[in-house]
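> Let me see the structure of the following:
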Amino acid sequence: MKQTNDGQLVTAAQAGDLESLKVLYERYYRSMVWLAYSILSDRQLAEDAAQETFAAVCTSLKRLKQPEKFARYLTTTCRNLAFQMQRQRKRQVVTNNLPETPAENSPDRNGSVEKLMRRAIDSLAQKHRELLILHYYDGQSYEKIAALLEVPAHRVKSRLFQARRKIAKYLDRNKFDWESL
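So this is what the prediction gives:
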């Protein structure tokens, strides 16, 4: 396959080249799963959202006027679908509105540092959460995240720094024992 950049692959896919579509899918599927996960906090739902994203994008690909903007189009579609799934899930689930106390957040009480970390990550703003998950869970570099989300790499770096600081503050507020690491 001669086409390597997104614009070339999208143009070929718009002309009916299924191999180009396959390359785009393989290039972006994993990142879309992690992006959806940053919103949904559920791996299975995130995979569903990523698959629905590609299905929606494939059906509307011919209408994409700027093939070089494919990553942004894909990211926007994925976010919108994930937020829609989140809203539907909130309508279906009855939640307990009792506030958590710091004692309930401690890893000793619930038996899991991972649960506390998940709550710390969930407490972040979406713009911080998605960057953190794309970088640490998906293993994306600052440059790749910047290209995917169309933000400058220095902004990715500074937001990740802010996210790490907020997580540390959350853990401190919830009496996390740093010495136990």
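
> Going by C-alpha atoms from here, please, whenever you check contacts or count neighbours.
Fine.

> so where do the helices sit in this structure?
Along the chain, counting by DSSP state H, helices occupy 6-14, 18-40, 43-60, 70-92, 102-105, 107-110, 113-122, 126-132, 142-149, 153-173.

> In CSV: these, plus mean neighbour count and mean pLDDT.
Below are the helices of the chain laid out as CSV (neighbours: other Cα atoms under 10 Å; pLDDT from 0 to 100):
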stretch, mean neighbour count, mean pLDDT
helix 6-14, 20, 92
helix 18-40, 20, 94
helix 43-60, 18, 93
helix 70-92, 17, 89
helix 102-105, 15, 42
helix 107-110, 13, 44
helix 113-122, 17, 84
helix 126-132, 20, 90
helix 142-149, 18, 90
helix 153-173, 16, 92
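
> so how far is A13 from the residue most central in space within the chain?
Closest residue to the average C-alpha location of the chain: L35 at 1.6 Å, with Cα atoms, centre = their mean. Using Cα to Cα, to the nearest Å, L35 is found at 24 Å from A13.

> Ok, L171 next?
The value you get for L171 to A13, if Cα to Cα is used, is 47 Å.

> got it, and E19?
8 Å.

> Show me the protein divided up by domain.
6-92, 102-175 (automatic domain parsing).

> I'd assumed A55 was in contact with T77.
No - the criterion here is Cα atoms under 8 Å, and T77 misses it with A55 at 10.4 Å.

> close enough to count as contact, Y137 and V33?
No - Y137 is beyond contact range of V33, at 10.6 Å (criterion: Cα under 8 Å).

> Chain neighbours aside, what residue packs nearest to Y137?
Computed as Cα to Cα, 6 or more residues apart in numbering, the closest residue to Y137 that is not its neighbour in sequence is W34, at 7.4 Å.

> wait, the one you found sits on D138?
Yes - W34 lies in contact with D138 (Cα under 8 Å); the separation is 6.5 Å.

> Let me see the backbone angles for Q140.
phi -80, psi 140 (degrees, to the nearest 10).

> gap between L131 and L9?
Noted for L131: a distance of 26 Å to L9, by Cα to Cα.

> can you check N80 too?
According to Cα to Cα, N80 and L9 sit 24 Å apart.

> Same question for V113.
43 Å.

> From T53, how far out is T75?
9 Å.

> hmm, I was thinking of C78
5 Å.

> again with W34
Taking Cα to Cα, one finds W34 at 13 Å from T53.

> Check A146 too.
Here the criterion is Cα to Cα. By it, A146 lies 20 Å from T53.

> same thing with S31?
Applying Cα to Cα, the value for S31 to T53 is 12 Å.

> you'd agree L148 is up against T75?
Yes - contact criterion Cα under 8 Å: L148 and T75 qualify, at 7.2 Å.
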